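Chemist: Here's my sequence, what's the structure:
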Amino acid sequence: MHEKFVEPQEQGSSDIAARQAWMAVLAETSSEKLKAAWNEIDVADKPAVENLRTPERGLVMVRGRAAGIGERFNLGEMTVTRSAVRMGDGTTGVAYVGGRDADHALIAATVDAMMQSETHRPSAEEAIVKPLEADLNAVKTTSAQKTAATKVNFFTMVRSRDGK
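Modeler: Purely as a prediction, here's the structure:
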């Protein structure tokens, strides 16, 4: 069976950025919201998929940098669940999500495959990705506004020691 997976070096940079954007939305969205959006889709629009990698849990090392620019250090481990699926036309979808929710990873991998398919992309984009992206942006905006409201501006007044 022929797979439609395209190696990153063969894709345009805008294709890669677009895929990264929708995969980030699928990974960052809460499991409950993703499942609710998935259940809103008409059954006829949901493709049959074959599990290439059934959802499996593991750990990844989270790395950090002091002040974002310093030396890298291991911050700790994080639980992730990954999944890979293939649609009937050979389009492959993958997902890595934080936590232990196998359904979240499976749905995210299926939506990733749908977003790469010309046939399924419109329904996946309109019913799942765009609404979830708007919801995530609203949450981020609200959080940023709450954070900005607590901002304290410090300033330093310089005084001369010789009394001037």
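
Chemist: how about the nearest residue to L132, chain neighbours excluded?
Modeler: T29 (4.7 Å; CB to CB, 6 or more residues apart in numbering). Bear in mind the C-beta positions are built from the backbone N, C-alpha and C, glycine included.

Chemist: From T54, how far off is that neighbour?
Modeler: 21 Å (CB to CB, to the nearest Å).

Chemist: Can you point out the helix or strand that includes A27?
Modeler: Element membership for A27, per DSSP states H and E: helix 13-28.

Chemist: Next SSE downstream of that helix?
Modeler: Downstream of helix 13-28, the next assigned helix or strand under DSSP H and E is helix 31-40.

Chemist: Surely V62 is within a strand?
Modeler: Yes. Looking at V62 with DSSP: H, G, I helix; E, B strand; the rest coil, it is inside a strand.

Chemist: Can you tell me the centre-most residue of this structure?
Modeler: A24 (1.8 Å; CA atoms, centre = their mean).

Chemist: Residue ranges in the protein under the pLDDT threshold?
Modeler: Scanning the chain for pLDDT under 70 picks out the ranges 1-12, 156-160, 162-164.

Chemist: tell me, which helix in it spans the most residues?
Modeler: Identified as the longest helix of the chain according to DSSP state H is helix 130-149.
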